[in-house]
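S.K.: Let's see this in three dimensions:
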Amino acid sequence: MKHSRYPEIKGLDIALFKEQLVYIKKHYNVISAYDLMDAIKSNSTSDLPPQSLLLTFDDGYIDHFTDVFPVLDREKLSGCFFPPAKCILESQVLDVNKIHFILACVPDKSVLVNYIYQSLDENRSLYHLESSEFYWQKCGVPSRYDTAEVMFVKYMLQRELLEKLRYVITNELFKKFVSNDEKAFSKELYSSIDQISCLQRNGMYIGSHGFDHYWLNSISEDDQRKEIDLSLEFLKKIGSDPFRWIMCYPYGEYNESLLTILKERNCSVGLTTKVGVADLNSDNPLTLPRLDTNDLPKDSKLEPNEWTIKVKSG
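M.R.: Okay, here's the model as predicted:
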């Protein structure tokens, strides 16, 4: 955030969020999670208003409670929040967030790339690792928003290396560049269970974002089942319905075994990170695409953009 201690952290300034909501209210009709689930259950979109839009907020950050919730409450809008259970219950910082803050605290990303290279050299025999060049070619690929160096750090520490080694490298970097007190940092970063429960009691929807925030397509079917069941226990704990619920996939990833488990657990909707406008008449309700906040204007005076035009044209 531009005016925070970590200006490289990507986030939407609250003033721009408010302005984007004005744009949204001008061109869309905001619906609730239960409006969406009802439409899917009845296999009919006729009860939904035209240009329906669902507001979603991932990862359980504390500013969702302190900044977003008051705005939605004042505007009488419903929002859907997806906190990973572990960080709320155990005051741990998710690896993905550790990586975000490591990247935010180190301006020269080559420092992090070289640190990972050094760790690979030190652990190559123990973990039967490939060459550093092999990993760079595989993971150092620029994305929609990130440079090659940033993507290399993210992919290496999020999924490419074995979990045990990823954990060690990430924690070393977090302590070196960000904080020695993970618990205190967690309490600054995430909402508390009381705050999450407050959102639920006041008309916001709380859904599943997993327990450990794993890439769910990269773990075994048994571990997928444990992840989902633990997240459903969390939903029950904070007062959200664990028998009629929405899954928001961490990193947007899923596979067939996970979809089977979700069907067994009465999941109504699955939200991915695939960029697009959902069509309930043709899309699988368990693999719906979404738009990112960057895909809609943050100036209410602007004319409808390409996505809004697409929605209005049917």
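S.K.: residue ranges with poor pLDDT in this protein?
M.R.: The chain contains residues with pLDDT under 70 at 1-10.
S.K.: Walk me through the domains of it.
M.R.: Per automatic domain parsing, the structural domains of the chain span 14-91+190-312, 95-184.
S.K.: Which residue ranges of the chain form strands?
M.R.: With strands called from DSSP state E, the chain shows them at 29-30, 52-53, 55-58, 79-82, 205-206, 245-248, 267-275, 288-290.
S.K.: which one of those is the most hemmed in?
M.R.: Greatest average neighbour count among those goes to strand 245-248 (a mean of 25), per mean count of other CB atoms under 10 Å. Every C-beta, even on glycine, is put in place using the N, C-alpha and C of the backbone.
S.K.: what's in contact with that strand?
M.R.: Strand 245-248 is contacted by residues 33, 36-37, 56, 58, 80, 82, 205, 207-209, 228, 232, 235, 262, 266-271, 286 when judged by CB atoms under 8 Å, 6 or more residues apart in numbering.
S.K.: if you set the cut-off to 6 Å instead, what comes out?
M.R.: Ala33, Asp58, Phe82, Gly207, Ser208, His209, Leu262, Cys267, Val269, Gly270, Leu271 (CB atoms under 6 Å, 6 or more residues apart in numbering).
S.K.: Same check on stretch 32-51?
M.R.: With contact meaning CB under 6 Å, 6+ apart, stretch 32-51 is reached by Tyr28, Asn29, Leu54, Ser78, Cys80, Tyr205, Ile246, Ser268, Leu280, Pro285, Val311.
S.K.: what residues are up against Pro84?
M.R.: Listed by CB under 6 Å, 6+ apart, the contact set of Pro84 reads His209, Gly210, His213.
S.K.: ok, it to Gly252 distance?
M.R.: 14 Å (CB to CB, to the nearest Å).
S.K.: got it, and Lys237?
M.R.: Relative to Gly252, and taking CB to CB, Lys237 is found at 25 Å.
S.K.: Comparing those two, which shows the higher neighbour count?
M.R.: Taking neighbours as other CB atoms under 10 Å, Lys237 and Gly252 compare with Gly252 leading, 19 against 15.
S.K.: Now do the contacts for the more buried one.
M.R.: The neighbourhood of Gly252, defined by CB under 6 Å, 6+ apart, consists of Thr272, Thr273.
S.K.: measure it to Asp229 for me?
M.R.: Remark: distance between Gly252 and Asp229 (CB to CB) = 21 Å.
S.K.: Over to Pro84?
M.R.: From Pro84 to Asp229 the distance is 15 Å (CB to CB).
S.K.: do the same with Lys109
M.R.: Taking CB to CB, one finds Lys109 at 38 Å from Asp229.
S.K.: what do you get for Thr293?
M.R.: Taking CB to CB, one finds Thr293 at 31 Å from Asp229.
S.K.: Endpoints of stretch 295-305, how far apart?
M.R.: Counting by CA to CA, to the nearest Å, you get 9 Å between the two ends of stretch 295-305.
S.K.: how about that stretch: buried residues?
M.R.: Neighbour-count burial for stretch 295-305 flags Leu296, Pro297, Lys298 (criterion: 16 or more other CB atoms under 10 Å).
S.K.: before we move on, what about stretch 65-77?
M.R.: Across stretch 65-77, burial judged by 16+ other CB under 10 Å covers Phe65, Val68, Phe69, Leu72, Leu77.
S.K.: So what sits opposite the residue nearest to the second one when sequence neighbours are not counted in the bridge?
M.R.: When the adjacent residues along the chain are set aside, Val68 lies closest to Phe57, with 6.2 Å between them (CB to CB, 6 or more residues apart in numbering). According to DSSP bridges, the residues that bridge with Phe57 are Phe81.
S.K.: Could I get the contacting residues of the residue nearest the centre of the chain?
M.R.: Nearest residue to the geometric centre of the chain (CA atoms, centre = their mean): Asp58, 4.1 Å. Asp58 sits next to Phe82, Cys248 when contact means CB under 6 Å, 6+ apart.
S.K.: Which members of the buried residues of stretch 295-305 occur in helices, if any?
M.R.: Among these, no member falls in helices (criterion: DSSP state H).
S.K.: Looking at the residues you listed, which is nearest Glu149?
M.R.: When these are compared for distance to Glu149 (CB to CB), Lys298 wins out at 27.6 Å.
S.K.: So that closest one is in contact with Leu16, correct?
M.R.: Yes. At 4.2 Å, Lys298 and Leu16 qualify as touching, with contact defined as CB atoms under 6 Å.
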